[in-house]
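In: mind looking at a prediction? Sequence and model below.
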Amino acid sequence: MSELSKQPQTSTASDLTVEKTQEEPRIGVYVCDCGGNISDVVNCDRVACALGKLPNVTVSRRCQFMCSDIGQKLITDDIKEKGVNRVVVGACSIFLHEQTFRRTVQRAGLNQYLYYHVGLREQDSWVHHQCPAEALDKGIRMMSAGVAKARLMRPLEAVHLSAEKHVLIIGGGVAGLSSALSIARRGLHVTLVEKSHVLGGQTAQWNHLFPTEEDALALVQNLVKDVLEEPTVTILTGAEVVDAKGYVGNFDVYVRLKPRGVDEESSDSHNGVSVTPLDQKLIDVDLKVGAVVVATGFQPYEPFHGEFGYSEFPDVITLPQLEGLLSRTRHEGGDLKWNGHKVRSIAMIHCVGSRQIEGIHKPQSDGKVNEYCSRVCCTATLAAANHIREQFPDVNVYDVYQDIRTYGRGHEDYYTKASKNHVTFLRYHAEEAPVVVRSEKGDEFPLLVKVKDHLTWGEEIELPVDLVVLSVGMMPNPVEDLTKMLKVAPGNDRFLLEVHPKLRPVETAVAGIVLAGTAQAPMNIQESCAAAEAAACKVAILLSGGKVDLEPYVARVDPERCQGSGECIHLCPQEDAIHMETFNADGRTFQQAVVTSANCNGCGVCVSACPNKAIDVQGWRLDEFEAMVEAIAAPNPEMEGIS
């Protein structure tokens with residue numbers, strides 16, 4: 001593994017002298033009505049007027065929509081014509097329009113980091129809707145704090161890094177394969193690592209896919225064929241990531257290839273596609289990649305012993321097992337059979353392993369129950385029910401559900417179709433779950449499902465069946481070691497977290513590591529492919545130029561104050577973000593802290609640790625914070641006489 005501490009993107013004692021002088025601040029203040037979202041509560045005219053009286057404020061304006069072309073033109077004109085060199089915007093969330101206003105000030109020739117955003121909508125008008133006077137006071141104070149910060153802001157430059165035009169994809173299911181194909185077609189090299197010896201993941205085990213009714217295995221085979229035809233894609237099956245270090249653009253990853261052993265699944269018993277020849281030697285592969293796509297997929301929920309009779313009765317199976325049965329029967333022909341006997345009646349029970357309630361359901365090994373909805377189970381169950389009724393019209397199908405959530409386009413049609421196919425629906429409540437028991441000796445059917453049906457006002461019904469199918473939910477594959485290596489975080493549901501579900505839906509908090517498919521959440525095949533394409537686009541945009549630019553909000557050392565105590569290193573939570581280096585100057589040898597900007601996330605822990613106040617975070621220096629606090633706490637003459 002290469003030594004990452006020797007990268008050139010560092011803040012050193014020799015090249016980081018704190019600026020002592022800067023041009024006189026000429027601040028432009030812009031207050032947005034947000035189409036009434038702000039102005040219906042906060043008097044934006046009063047805010048703009050109050051801010052216009054503050055020192056260093058050259059212009060203070062109000063606009064109905066600051067993000068519009070008209071609003072942006074106000075800013076660019078003031079920069080060019082009035083010499084504005086700092087910009088403070090009070091509007092909606094910074095997450096929506098930070099890039100909008102950064103580009104605006106850049107177009108006018110101003111450093112993009114000389115702009116500060118105040119969230120007047122989320123932090124003021126929306127939370128104080130019934131208190132307009134107090135909202136006005138708060139709005140003025142928030143904007144005043146922004147002006148106080150703007151007076152002290154300095155031009156910043158993004159951290160520039162070279163980037164490997166090579167992407168690692170972890171997981172060889174449909175999401176991983178789709179990402180690989182899309183990334184390769186955008187001109188980047190791809191290495192796909194799959195833990196098992198076959199490709200295709202859970203999709204390859206399915207019979208048909210909804211709502212397209214495509215053959216699942218055929219789709220996987222075609223996808224694998226397309227990926228293999230891409231010359232820039234390398235596929236490693238029977239492989240695991242055993243170590244990973246580095247940062248966006250420059251990740252060092254170790255992959256270990258394991259030989260196919262006699263105790264492992266073969267492709268004969270697993271519907272996936274095998275692409276790696278047998279090998280009896282362990283091989284370690286060292287990869288240097290610019291980005292990582294985590295497509296580790298899901299596993300079906302495994303019911304506990306005795307849960308709805310699972311493992312207790314051989315005629316209780318899961319929905320994936322039923323799909324395998326339907327697939328084999330479709331290819332081999334004949335009656336639908338299970339456990340050596342013909343199936344005449346089936347009960348399908350929804351929400352097994354999903355929507356669980358603490359205190360009612362048995363928790364997993366981590367002590368948590370699966371409170372989330374797995375989303376796709378309902379439609380998958382209805383699709384299977386329709387296949388059974390259409391292929392084997394003599395088989396009775398009972399659908400026993402809590403709620404049916406056919407949320408996707410075309411999914412509701414499966415429910416309508418199931419009703420027309422004479423599937424019998426019964427509804428239960430979670431605290432009154434169905435009970436599966438063995439029938440009395442001599443009965444025609446081996447199992448009896450007892451359920452209190454709330455479609456018939458709580459009538460207790462017994463369903464004699466040959467087969468019980470548990471519609472199991474999704475659980476993420478166990479990848480704790482991998483998430484620790486990559487420093488990506490799981491949510492409460494154990495699926496991996498994105499930064500923001502709407503604004504940054506496939507990105508993790510670690511730059512250069514993105515998510516694809518069901519590693520992130522329960523998804524159907526269409527959603528997984530869409531997420532894979534989103535991940536591919538994100539990676540291609542990031543790496544296609546061979547370099548990446550990171551935000552400059554990283555720690556910076558003042559060499560005049562640093563005495564090499566090392567406290568910052570001891571408390572820094574980021575690996576390789578700060579280290580000590582030895583310097584020679586004025587005939588003496590001394591040690592000082594050095595920041596590797598690429599590894600720093602600007603958390604500020606080092607700032608609080610340094611006994612000499614020799615370290616600060618660019619863009620959020622302590623003097624800026626102090627000025628903002630003073631501005632917020634200062635008397636507000638604009639509110640005198642207003643109650």
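Out: All right, it came through fine.
In: what packs against the longest helix seen in the chain?
Out: When every helix of the chain is counted residue by residue (DSSP state H), the longest turns out to be helix 132-152. Helix 132-152 makes packing contacts with strand 27-32, helix 44-51, strand 86-91, strand 115-119, helix 120, helix 622-633 when contacts are defined by 3 or more CB pairs under 8 Å, 6 or more residues apart in numbering; DSSP states H and E. The C-beta positions use only the backbone N, C-alpha and C, and glycine is treated the same way.
In: now render these as JSON lines, adding distance to I349.
Out: Rendered in JSON lines, the data for these read as follows (distance: least, CB to CB, whole Å):
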{"stretch": "strand 27-32", "distance to I349": "53"}
{"stretch": "helix 44-51", "distance to I349": "57"}
{"stretch": "strand 86-91", "distance to I349": "51"}
{"stretch": "strand 115-119", "distance to I349": "47"}
{"stretch": "helix 120", "distance to I349": "51"}
{"stretch": "helix 622-633", "distance to I349": "57"}
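In: deepest-packed of those, please.
Out: Of all the helices and strands packed on helix 132-152, helix 120 carries the top mean neighbour count, a mean of 30, counting by mean count of other CB atoms under 10 Å.
In: which neighbouring elements make contact with that helix?
Out: Under the contact definition 3+ CB pairs under 8 Å, 6+ apart, helix 120 sits against helix 132-152.
In: taking helix 44-51 as reference, get the angle to the helix it packs on.
Out: Interaxial angle of helix 132-152 relative to helix 44-51 (axes from the mean of the first three to the mean of the last three CA atoms, to 10 degrees): 40 degrees.
In: and helix 132-152, what's buried?
Out: Burial within helix 132-152, assessed by neighbour count using 16 or more other CB atoms under 10 Å, is assigned to 135-152.
In: just stretch 398-413 next, same as before
Out: Using 16+ other CB under 10 Å as the test for burial, stretch 398-413 gives 398-402, 404-406, 408, 411.
In: which elements pack onto whichever helix or strand C378 is part of?
Out: Using DSSP states H and E, C378 maps to helix 377-391. If contacts are counted by 3+ CB pairs under 8 Å, 6+ apart, helix 377-391 sits against helix 319-332, strand 345-352, strand 396-401, helix 412-420, strand 467-472.
In: ok, the second one: who's next to it in the sheet?
Out: Partner strands for strand 345-352, per DSSP bridges, with pairing direction: strand 396-401 (parallel), strand 467-472 (parallel).
In: what's in contact with it?
Out: 301, 303, 307-308, 318-319, 377-378, 381, 384-385, 388, 395-402, 404, 430, 434, 445, 447, 449, 463-473 (CB atoms under 8 Å, 6 or more residues apart in numbering).
In: give me that answer again for 7 Å
Out: With CB atoms under 7 Å, 6 or more residues apart in numbering as the test, strand 345-352 has contacts from 301, 303, 308, 377-378, 381, 385, 388, 395-402, 434, 445, 449, 463-473.
In: got it, and the third one?
Out: Contacts made with strand 396-401 from outside it, assessed by CB under 7 Å, 6+ apart, are listed as 344-350, 381, 385, 388-389, 418, 423-428, 434, 449, 451, 463.
In: and the strands in the stretch 151-300 of the chain?
Out: Here the stretch 151-300 of the chain has its strands, by DSSP state E, counting those that start in this stretch, at 159-162, 166-170, 189-194, 208-209, 214-215, 233-237, 239-247, 250-257, 283-289, 291-294, 298-300.
In: direction included, what does the first one pair up with?
Out: Taking DSSP bridges as the criterion, strand 159-162 forms sheet pairs with strand 547-550 (antiparallel).
In: let me see the mean pLDDT of the partner strand.
Out: Here strand 547-550 scores 90 as its mean pLDDT.
In: pairing partners for the helix or strand that it is followed by, with directions?
Out: Sequence-wise, the next helix or strand downstream of strand 547-550 (DSSP H and E) is strand 555-557. Sheet neighbours of strand 555-557, with direction, are listed as strand 615-617 (antiparallel) (DSSP bridges).
In: gap between the partner strand and the chain center?
Out: Centroid displacement of strand 615-617 relative to its chain, using CA atoms, centre = their mean, to the nearest Å, is 29 Å.
In: equivalent analysis for stretch 375-391, please.
Out: When distances are taken as CA atoms, centre = their mean, stretch 375-391 is centred 29 Å away from the chain's centroid.
In: residues contacting it, please?
Out: Contacts to stretch 375-391, defined as CB under 7 Å, 6+ apart, come from residues 208, 210, 319, 322-323, 326, 346, 348, 350, 354, 395, 397, 399, 404-408, 411, 414-415, 417-418, 421-423, 471, 473, 522-524.
In: most tightly surrounded among the strands of the stretch 151-300 of the chain?
Out: Among the strands of the stretch 151-300 of the chain, ranked by average contacts under mean count of other CB under 10 Å, first place goes to strand 291-294 (a mean of 29).
In: direction included, what does it pair up with?
Out: strand 166-170 (parallel), strand 513-515 (parallel).
In: with distance to L181 added, can I get those in a markdown table?
Out: Compiled in a markdown table, the strands paired with strand 291-294 are given as follows (distance: least, CB to CB, whole Å):
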| stretch | distance to L181 |
| --- | --- |
| strand 166-170 | 10 |
| strand 513-515 | 16 |
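In: what is the neighbour count of L515?
Out: If you count neighbours by other CB atoms under 10 Å, L515 ends up with 28.
In: ok, now L228?
Out: Using other CB under 10 Å, L228 has 15 neighbouring residues.
In: ok, now how distant is it from L542?
Out: To L542, L228 is 25 Å away according to CB to CB, to the nearest Å.
In: how close does the residue in the chain sticking out farthest from the centre sit to K245?
Out: Largest separation from the mean C-alpha position in the chain: G442, at 54.2 Å (CA atoms, centre = their mean). Distance from G442 to K245, counting by CB to CB: 67 Å.
In: nearest residue to the middle of the protein?
Out: E498 (1.9 Å).
In: sec struct for that residue, please.
Out: coil (DSSP: H, G, I helix; E, B strand; the rest coil).
In: neighbours of the closest residue in space to it that isn't next to it in sequence, how many?
Out: In space, and not counting its chain neighbours, E498 is closest to P505: 5.4 Å by CB to CB, 6 or more residues apart in numbering. For P505, the tally of surrounding residues (other CB under 10 Å) stands at 16.
In: pretty sure P505 sits against V514.
Out: No. Using CB atoms under 7 Å, P505 is not in contact with V514; the gap is 9.7 Å.
In: identify the contacts common to those two.
Out: Jointly contacting P505 and V514 under the rule CB under 7 Å, 6+ apart is no residue at all.
In: on that earlier part again, going through the contacts of strand 345-352, which ones are buried?
Out: With burial judged by 16+ other CB under 10 Å, the buried subset of these is 301, 303, 308, 377-378, 381, 385, 388, 395-402, 434, 449, 463-473.
In: need the contact list for T100.
Out: C67.
In: one more: P490?
Out: Residues near P490 by CB under 7 Å, 6+ apart: 483, 496-497.
In: circling back: just put the strands paired with strand 345-352 in CSV and tack on mean pLDDT.
Out: Shown next, in CSV, are those (pLDDT from 0 to 100):
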stretch, mean pLDDT
strand 396-401, 98
strand 467-472, 98
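In: among those strands, which is nearest G333?
Out: Closest to G333 of these is strand 467-472 (CB to CB; 19.1 Å).
In: run through the stretch 151-300 of the chain and note the low-pLDDT ranges.
Out: Low-confidence segments of the stretch 151-300 of the chain, defined by pLDDT under 70: 261-272, 274-280.
In: now K288: how far from I170?
Out: Distance from K288 to I170, by CB to CB: 16 Å.
In: okay, and for the stretch 1-150 of the chain, where does confidence drop off?
Out: For the stretch 1-150 of the chain, the stretches with pLDDT under 70 are 1-22.
In: let's see it at 50
Out: Applying pLDDT under 50 to the stretch 1-150 of the chain flags residues 1-9, 11-21.
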